[in-house]
Structures are given as structure tokens and as C-alpha cells.
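The sequence isn't on hand, but the structure is:
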Ligand code: MN
Ligand code: MN
């Protein structure tokens, strides 16, 4: 070996793809942007995923278990309308599955249970933020309202306001610089407080009769509007699940259109890749599974999260349908599984290089990024992947021309993060974090490279197949 070949050479995706792949990459990005616009919440994402699964011949688990399940069968599980599992059945389930696990919940603002009030001639909604947001990023952008609310007749009303060009949008105020002297002295994290994230939803009192005009007429007009349009009354908010998200659509970024700005790349960039990948899997030797879950951003708790037993139960149901259920079979199937924990990681940011260690930071455009470990302060809370498994993954990627890189989330002791990796590792499965590098993570609008998004999908497909 020439000593020159001993050194690792890294070239970007852009430097390695041909004309066909360049075209494919942009077409994939268009489909992904469409998903981002259509599926802004975990519920909408689940609806999209289930619809696509049905279109591609997947049948529901409830339907599938009515008869024996065989190789090549395609099955989906819709878990509470907030998470999903898609299976393409292989030969011997006990020998384990190849699983790609991603999440579809996104940091955002949720409405409180008593949200509506009137102050200083405006009607507002109180919020409680969900997941890790930087509060100062949410004022003065255009917002949309999505969610589910039951009216007094018990009908489920699905709200989606602020997405259509003819819809109104909503807004959170910030201070003008002229009067910002005191605010400017505060630390960045304290400049806007959680209780200041109140969403303007109205201002007029036109048509409210004089008798009511001195008792919050603007709030009354909003309630009148909500009743006439959606049949809901104030009390209904107490049991509603409503989210406030940016109304911005996903858009190409750059003169060369090489990047995408959008809300919720974390982790819908991996979830969409996961979906397209599983839809293209045919007759795998090992059962292929796309797991797409909720509640990752608040610690994977609750019955739509990775920590709930819905996946394990689905595996048990599949054994049961074939008349060979036993606890040990389920345990073996999980223990013998191999998992890509599909979540985003940070890319080197030209304006904030100080938080990363350049040699071990993922770079935009260098492909899907593997994180052997995540965690904080000495890998705390991390699934630290085994070298033996990483070697297997490297071989698969080599065989399928996957362009990949490694990436640590920040330099040592800078901070850190976690994913759902540790949960599947608890079963004994081999797990490694593998996802798209990105910039401005958890901001209302985030940035990814089309090259990385495309390579992420290609890597999941290779792994699942
Ligand atoms: Mn994530
Ligand atoms: Mn996140």
C-alpha cells in the first residue's frame, strides 16, 4: 500500500454523485418538502405515513393477524394516531429484525387548557412550550394552529389554520429596540420568558352589542367566530390538544437550491427517509421495520413514545397470528435485532464553530452521519455502539455506495443530547445513531443539505433491505 492511501480521504456527496443521482436528489427533496408542508404535527405525519403505507399494499396489524403471516407480507400499525410501525416480513422473526427508528414530534408551542383571554385590546392564547426551544426565536414570526378539539356534541374537530394562503396566521409580540434597553441587559435565555409566549389571535369587537362591550368584547368575538366556524365553545379547550407551529412552508435555500429550510427537520428528515426506504423494501431475508414515534423531544415518555410497549406488543401479535407465540420468541426477536436510531445531529456551523470539535463534527454535504455515542458529560445517558456492529454497518454501506461520515454532537463537555437509541438497546439489540446532519436544530425553521437528506434515505434503504 502506498503510504498516501493510508490517510482517510473525505469528499462531499456533491463531488461523488453522477448526473442521475443529482437529479434524483432534487426529486427526493421535492417529495420531502411536500411531506414537511403536509405533516406539521405528529398526528398529521402519522396520517400521511399510514396513507402511503396503505397505497403501497400494507395492511393494518388488526387485519393482518386474522390469518397467518408469511414472508413478504407488509403490515402497518397506527399507534394512537401519533406513532407508527411498518413491517415487511422476512424469514424467521426469531432471528431478529432490521429496524430504523425515527421520531415525528417537533419542539413547538402547545396551547394551555385555559388559553383564551383578552388584554390591551388584543385576544391572546396562552401556551406551554414542548421540547427544547430557544424562546427568543418564536416572537415576530407567522404562526399556524393545528390540533384536535372535541365539541359539545362529541365530534372531533381537526384544526389546521394558517397554512393555506387565504388563511389568517397568528403572531407573538416582542419588544421594539427603542424600549429594549432593559431586555438587552438580560441573558439570551431570559430575554423572552415562557409566559410571554402568548399568541395574538384577534383584535376586533365589531358587532358585539353594547351590553357586552365592556366585558372582554374581543374575546367574545373570537368565541363567536370559533362557534360559528367550528362549533366549539371555550370549555372545549380544556380537553383539546392544540399546537402552534410556524406557518412557513419548506423552501429551497441558496442560489444553487442545494439546501432546504423547513420546520421540523428534526426528526422528520429521518422519518421521511425511513418511510420512503421501507416502502421500497421487497421480500427481505430479515424482517424490516420502520418505527416512527412520538414524544422523543420530551424524553420518550407516554403511550405514543418509544418507551411504550406498542412495538414489542406488535411483534408478539405477529408470533401469535402464526400460532407460535411465546415470551422467549418475542425476546429473541428483539434481542437479535439490529437498529439504526435515525435522528439528526449537528453539523459544523461557520458562525458557531466554537461549540464543535472540527475533526469529529459532521459537515454539511458529507452524507448521513453516524454517532457511535451521544450523551452528556462523559457519554452519560448514551448508547455506545459496539465495534462489531459498526463493522457490519460499514460493510453494508460500502456495498451500496452510501456516503457517510461520523459526527459528535458538540465538543466534549459543551452540552450534548440523546435519542431513542438506548431504549431499543435495552432489549439487547445492536443499535447505532445514524441520521442527517443539520444546522439551527430546534429553531422554528431549520436547515439541511439536500445531499445529506438524500443519502440518509439511501442508507436506510440499504440497511432495511
Ligand atoms: Mn431528534
Ligand atoms: Mn430534537
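Yep, that arrived. Remember, predicted model here, so these are calculated numbers, not experimental data. Ligands and ions are numbered 1, 2, ... in the order given.

ok, residue 346 - contacts?
The contact partners of residue 346, taken as Cβ atoms under 8 Å, 6 or more residues apart in numbering, are 355-356, 361-362, 407, 409-410, 437-439, 441. Bear in mind the C-beta positions are built from the backbone N, C-alpha and C, glycine included.

Is it within a helix or a strand, and which one?
According to DSSP states H and E, residue 346 maps onto strand 345-346.

partners of that strand, with directions?
strand 437-439 (parallel) (DSSP bridges).

Please see if the strand it pairs with touches ligand 1.
No. Using Cβ under 5 Å from the ion, strand 437-439 stays clear of ligand 1, coming no nearer than 9.7 Å.

does any bit of stretch 339-347 sit next to ligand 1?
Yes. Stretch 339-347 reaches ligand 1 (Cβ under 5 Å from the ion) through residue 343.

Quick one: end-to-end distance for that stretch.
End-to-end distance for stretch 339-347: 23 Å, by Cα to Cα, to the nearest Å.

ranges for the helices of the chain?
13-16, 19-38, 42-55, 61-64, 181-185, 210-213, 217-230, 265-279, 310-321, 327-335, 387-399, 421-425, 450-464 (DSSP state H).

distance of residue 223 from residue 208?
Going from residue 223 to residue 208 by Cβ to Cβ, to the nearest Å gives 10 Å.

What is the neighbour count of residue 228?
8 (other Cβ atoms under 10 Å).

heads up, I number from 502, so please use that
I'll keep to 502 as the first residue from here, and by that count the last item is residue 729.

and the gap between it and residue 700?
21 Å.

Also residue 838?
Taking Cβ to Cβ, one finds residue 838 at 43 Å from residue 700.

Same question for residue 817.
Distance from residue 817 to residue 700, by Cβ to Cβ: 43 Å.

more crowded one of the two?
Regarding residue 817 and residue 700, a neighbour count based on other Cβ under 10 Å identifies residue 700 as having more, with 21 against 17.

Once you drop chain neighbours, what's closest to the closest residue to ligand 1 within the stretch 602-751 of the chain?
For the stretch 602-751 of the chain and ligand 1, the shortest gap (Cβ to the ion) falls at residue 604, measuring 5.7 Å. Closest residue in space to residue 604, ignoring its immediate chain neighbours: residue 797 at 3.6 Å, by Cβ to Cβ, 6 or more residues apart in numbering.

for the chain, longest strand please?
When the chain is parsed with DSSP state E, its longest strand is strand 609-620.

same question for it, mean pLDDT?
The average pLDDT within strand 609-620 is 98.

residues of that strand that come out buried?
609-612, 616-617, 619 (16 or more other Cβ atoms under 10 Å).

tell me how far that strand is from the chain's mean position?
Using Cα atoms, centre = their mean, to the nearest Å, the mean C-alpha position of strand 609-620 is found 24 Å from that of the whole chain.

got it, and stretch 586-593?
The answer for stretch 586-593 is 23 Å, by Cα atoms, centre = their mean.

which helices and strands does the worst-scoring helix or strand of the chain on mean pLDDT pack with?
The weakest-scoring helix or strand in the chain, judged by mean pLDDT, DSSP states H and E, is helix 711-714 (a mean of 71). Judged by 3 or more Cβ pairs under 8 Å, 6 or more residues apart in numbering; DSSP states H and E, helix 711-714 is in contact with no other helix or strand.

What are the buried residues along it?
In helix 711-714, counting by 16+ other Cβ under 10 Å, buried: nothing.

Kindly report the residues of this protein close to ligand 1.
767-768, 844.

With neighbour count as added columns, please give these in TSV.
Converted to TSV, the residues of the chain next to ligand 1 look like this (neighbours: other Cβ atoms under 10 Å):
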residue	neighbour count
767	28
768	29
844	26
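
Let's have the residues you listed in TSV, adding pLDDT.
Formatted as TSV, the residues of the chain next to ligand 1 follow (pLDDT from 0 to 100):
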residue	pLDDT
767	97
768	96
844	96
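
Direction included, what does the longest strand of the chain pair up with?
In the sheet, strand 609-620 lines up against strand 623-631 (antiparallel), strand 742-747 (antiparallel) (DSSP bridges).

Give me the contacts around the shortest one.
Surrounding strand 742-747, the residues in contact under the criterion Cβ under 8 Å, 6+ apart are 541-542, 607, 609-612, 616, 626, 628, 631, 642-650, 660, 671, 700, 764-765, 945-946.

ditto for the first one
Identification of contacts with strand 623-631 by Cβ under 8 Å, 6+ apart yields 606, 608-613, 615-619, 636, 671, 695-696, 698-704, 719-720, 722-723, 744-745, 798-799.

Tell me where the stretch 552-701 of the chain has strands.
560-561, 575-580, 584-589, 598-604, 609-620, 623-631, 644-651, 657-662, 700-703 (DSSP state E, counting those that start in this stretch).

and these as CSV, adding distance to residue 553?
Shown next, in CSV, are the strands of the stretch 552-701 of the chain (distance: least, Cβ to Cβ, whole Å):
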stretch, distance to residue 553
strand 560-561, 14
strand 575-580, 9
strand 584-589, 9
strand 598-604, 15
strand 609-620, 23
strand 623-631, 25
strand 644-651, 20
strand 657-662, 19
strand 700-703, 32
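
Tell me which of those strands lies nearest to residue 788.
Each of these was scored for nearness to residue 788 using Cβ to Cβ, and the closest is strand 598-604 (4.3 Å).

what packs against that closest one?
helix 766-780, strand 788-794, strand 839-842, helix 951-965.

starting at the chain centroid, how far to the second one?
Between the centre of strand 788-794 and the centre of its host chain there is 14 Å, according to Cα atoms, centre = their mean.

Of all the residues in the stretch 852-966 of the chain, which one is nearest ligand 1?
Closest point on the stretch 852-966 of the chain to ligand 1, by Cβ to the ion, is residue 920, at 6.2 Å.

burial count for that residue?
30.

swap in residue 679?
For residue 679, using other Cβ under 10 Å, the count is 6.

How far does stretch 684-698 stretch from one end to the other?
Start-to-end, stretch 684-698 (Cα to Cα) is 15 Å.

quick check: mean pLDDT across that stretch?
Stretch 684-698 carries an average pLDDT of 97.

Now do the buried residues in that stretch.
For stretch 684-698, a neighbour-count test (16+ other Cβ under 10 Å) marks 692-693, 697-698 as buried.

again, but for stretch 894-914
894, 898, 903-906, 908-912.

try stretch 810-828
Quick answer for stretch 810-828 (16+ other Cβ under 10 Å): 811-812, 815-822.

Looking at these, which is nearest residue 956?
residue 812 (26.4 Å).
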